[in-house]
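*Asks:* the sequence and its predicted three-dimensional model are supplied below.
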Amino acid sequence: MQYVAFEQVKWESKYDPYAIVQRNVLEYDVAYGQNKIAHIPTLVAQQYESIVLSNTFLIHKFHKPFDDLNYVKIKN
């Protein structure tokens, strides 16, 4: 088995990360807007460590805008 070295990083605000966590971690609110951004400080407060995976990438699958997006645009 080959082990990969990870770089530990400090969480920064205004960053929308994708996180891979264990199943027992509390899920974030799936509603539109600030969901993952709000979830990460919760993990930080619970003393989870953040690391960057090397040699990885993510493919974002296109989807229609959420209905909540219109609400956010109208409200703001």
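*Replies:* Looks like it arrived, so ask away. Numbering: from 1, shown residues only.

*Asks:* mind pulling up the pLDDT for residue 53?
*Replies:* Residue 53 is assigned a predicted lDDT (pLDDT) of 73.

*Asks:* ditto for residue 38
*Replies:* Value for residue 38, per-residue pLDDT: 75.

*Asks:* quick one: neighbours of it, just the number.
*Replies:* 11 (other CB atoms under 10 Å). Placement of C-beta: from N, CA and C, glycine included.

*Asks:* tell me which helix or strand it sits in.
*Replies:* Per DSSP states H and E: residue 38 is located in helix 35-45.

*Asks:* other SSEs contacting that helix?
*Replies:* Applying 3 or more CB pairs under 8 Å, 6 or more residues apart in numbering; DSSP states H and E, we find helix 35-45 packed against strand 50-52.

*Asks:* list the buried residues of the strand it packs on.
*Replies:* residue 50 (16 or more other CB atoms under 10 Å).

*Asks:* could you find the closest non-adjacent residue to residue 58?
*Replies:* Leaving aside its chain neighbours, residue 58 sits nearest to residue 18 (6.0 Å; criterion: CB to CB, 6 or more residues apart in numbering).

*Asks:* please consider this matter closed, and thank you.
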